[in-house]
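1. The sequence and its predicted three-dimensional model are supplied below.
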Amino acid sequence: MLAFAGLTYSALLSFVLSSAARNRRAGVAHPPILTAVGYVLCGLSVGAAGLLPVWAAYNPAGVAALNTLTVTL
């Protein structure tokens, strides 16, 4: 489930950033829904960055489990 959320988040973020860059190059105003989704994604990023140290402080067993995590490609 976490992988699906990460994939959805990254796809939305990529779409919003590429659309904003294209609109800025073309000199066109951003649609309101693009601005709203951008603010939501920014809020999610800031919220996750703020909550991650709190989670790490109150869940040392979970942090210890992440130390043994290996990623292979």
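-> Looks like it arrived, so ask away. Treat the numbers as computed from the prediction; the structure is a model and nothing was measured. Numbering: from 1, shown residues only.

2. Please name the spatially closest residue to L13 (chain neighbours excluded).
-> L41 (5.4 Å; C-beta to C-beta, 6 or more residues apart in numbering). Bear in mind the C-beta positions are built from the backbone N, C-alpha and C, glycine included.

3. Heading C-terminal from the helix or strand containing that neighbour, find the next helix or strand.
-> Assigned by DSSP states H and E, L41 falls within helix 32-58. Next along the chain after helix 32-58, taking DSSP H and E as the criterion, comes helix 60-67.

4. circling back: who are the neighbours in contact with the residue nearest to L13?
-> By C-beta atoms under 8 Å, 6 or more residues apart in numbering, the residues touching L41 are 9, 12-13, 16.

5. Among those, list the two that are farthest apart in space.
-> Spanning the widest gap among the contacts of L41 are Y9 and V16, at 10.7 Å by C-beta to C-beta.

6. ok, and for the helix or strand hosting S19, which residues are buried?
-> Using DSSP H and E, the element containing S19 is helix 2-26. Buried positions in helix 2-26, judged by neighbour count with 16 or more other C-beta atoms under 10 Å: 13, 16.

7. what is the orientation angle of that helix with helix 32-58?
-> Relative orientation of helix 2-26 versus helix 32-58 (axes from the mean of the first three to the mean of the last three C-alpha atoms, to 10 degrees): 140 degrees.
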